[in-house]
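> Provided below for reference: sequence and predicted model.
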Amino acid sequence: MIDFIRLFRRIENHNLFLERDDIKFVEAIVYKPQKTIKYFWHYDPKTNCKIKVGYNNWVEFSGSITKYWYEENINNLTYSDLACAIYELSDTLYSRPDELFLRSFEFGLNVLLDDSLNALNLTDLALNYKNKFFQDMDGNNLTSIGKRCVLQEYQLKLYSKSLQYKLPYELLRYEIKVHKKRILEPYIFRTVESLLDKKNLLFLKNQLLERFNEILLYDNTIPQQKLNSYEKELCSNWQSEIFRKNLIKTNRQKFNYQKKRLTDVIEKFGEQNLKPNLIQQFSDTWDNLMES
């Protein structure tokens, strides 16, 4: 459910952190000019999580709450483990959950695909989100592991966990990264405590499903012999990103019309029922995590 988070809080005395024995902080220095930055930091190589403590009395945490708790994020974080992780992290930061401001976060799911599907190939079927285009999402070795669609207030990510971590099975990751929490209104996500409210988590689930439903996901199992000439041409043209980008640039109305027609063709003739099956799998997985 919840993965990456960035938390912030003003504190009374930064020396309380620097005097700790369990966490070692180092002074931050800009590499080239060798100037000291006005905070200390601690980086955990097991989880890639980072804690910064400012000289002028503030603390910030950034990282995957799933990795923080499991030391990996291949498995989805259950609700009970999310609660445990939040309370333990709050204790580590000498804070209560309602004192740690939630600056940004990601929410999403890892789902296991059946043997007939390849996670990376599936991401290539994501043609558009609304009228926006996807771009390659690079992994650690600069090889594309999937797609992301970047908007001003949030971004969608659809990528292969299998390729990212060299897994022997097909694991698909779908998530939303929130840049500006305004997109989640009227629900309030002010502090990390808000992530413990099941009504808020249900709202996030619905956001996840609704936005996935707005992705134009092509189905390459469409039998061409069942299509008329216009439908064949539509399927052929729309698999080209260059065609779609030229069309939206020159005639947005025609772009929207053809997108609607292609969606109808996919829903009528697509033999995999890819989008509805994935939406159901996302929904069931989220519900199971809420009860775990």
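That came through, no problem.

> dump the helix or strand hosting Tyr230 to CSV, restricted to CA.
Assigned by DSSP states H and E, Tyr230 belongs to helix 229-238. Provided in CSV are the C-alpha atoms of helix 229-238 (Å, rounded to 0.1, in the frame of the first residue of the first chain):
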residue,chain,number,x,y,z
SER,A,229,-10.5,-1.8,-42.2
TYR,A,230,-10.9,1.3,-40.1
GLU,A,231,-10.4,-0.7,-36.9
LYS,A,232,-7.3,-2.4,-38.3
GLU,A,233,-5.8,1.0,-39.3
LEU,A,234,-6.7,2.4,-35.9
CYS,A,235,-4.9,-0.4,-34.0
SER,A,236,-1.9,-0.1,-36.3
ASN,A,237,-1.5,3.6,-36.1
TRP,A,238,-2.0,4.0,-32.3
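
> what about it, average pLDDT?
Mean pLDDT, computed over helix 229-238, is 94.

> equivalent analysis for stretch 202-218, please.
In this model, stretch 202-218 has a mean pLDDT of 96.

> please enumerate the helices of the chain.
Assigned by DSSP state H, the helices in the chain fall at 15-18, 65-70, 79-92, 119-123, 161-165, 198-213, 229-238, 241-250, 252-269, 274-290.

> what's near enough to touch the spatially closest residue to Ile188 that is not a sequence neighbour?
Closest residue to Ile188 apart from its sequence neighbours, by Cβ to Cβ, 6 or more residues apart in numbering: Ser194 at 6.4 Å. All C-beta spots, glycine's among them, are computed from the backbone N, C-alpha and C. Contacts for Ser194 (Cβ atoms under 8 Å, 6 or more residues apart in numbering) come out as 102, 188, 200.

> out of those, which are buried?
102, 200 (16 or more other Cβ atoms under 10 Å).

> just the pLDDT for the residue nearest to Ile188.
Ser194 carries a pLDDT value of 96.

> next: Asn141.
Each residue has a pLDDT score; the one for Asn141 is 66.

> again, but for His14
With respect to pLDDT, His14 scores 89.

> correct me, but Trp58 touches Asn13?
No: using Cβ atoms under 8 Å, Trp58 makes no contact with Asn13, being 11.2 Å away.

> these two: which is more packed in?
Trp58 (15 against 10; other Cβ atoms under 10 Å).

> check the gap between the more buried one and Ile51 for me.
Plainly put, Trp58 is 11 Å away from Ile51 if you go by Cβ to Cβ, to the nearest Å.

> what do you get for Leu195?
For Leu195, the distance to Ile51 equals 19 Å [Cβ to Cβ].

> likewise Phe203?
Distance, Phe203 to Ile51, by Cβ to Cβ: 29 Å.

> which one's more surrounded, those two?
Taking other Cβ under 10 Å, Phe203 and Ile51 do not tie; Ile51 has more neighbours (22 against 15).

> circling back to that earlier point, which elements pack onto the helix holding Tyr230?
Helix 229-238 is packed against helix 252-269, with contacts defined by 3 or more Cβ pairs under 8 Å, 6 or more residues apart in numbering; DSSP states H and E.

> could you export the helix or strand bottoming out on mean pLDDT in the chain as CSV, CA atoms only?
Across the helices and strands of the chain, the lowest-confidence element by mean pLDDT, DSSP states H and E is strand 26-29, at a mean of 75. Extracted C-alpha coordinates of strand 26-29, given in CSV (Å, rounded to 0.1, in the frame of the first residue of the first chain):
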residue,chain,number,x,y,z
VAL,A,26,27.8,12.4,9.9
GLU,A,27,28.3,16.0,8.9
ALA,A,28,27.0,16.9,5.5
ILE,A,29,29.6,18.5,3.1
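
> how far does that strand sit from its chain's centre?
30 Å (Cα atoms, centre = their mean, to the nearest Å).

> also stretch 98-115?
In terms of Cα atoms, centre = their mean, the centre of stretch 98-115 is set 6 Å apart from its chain centre.
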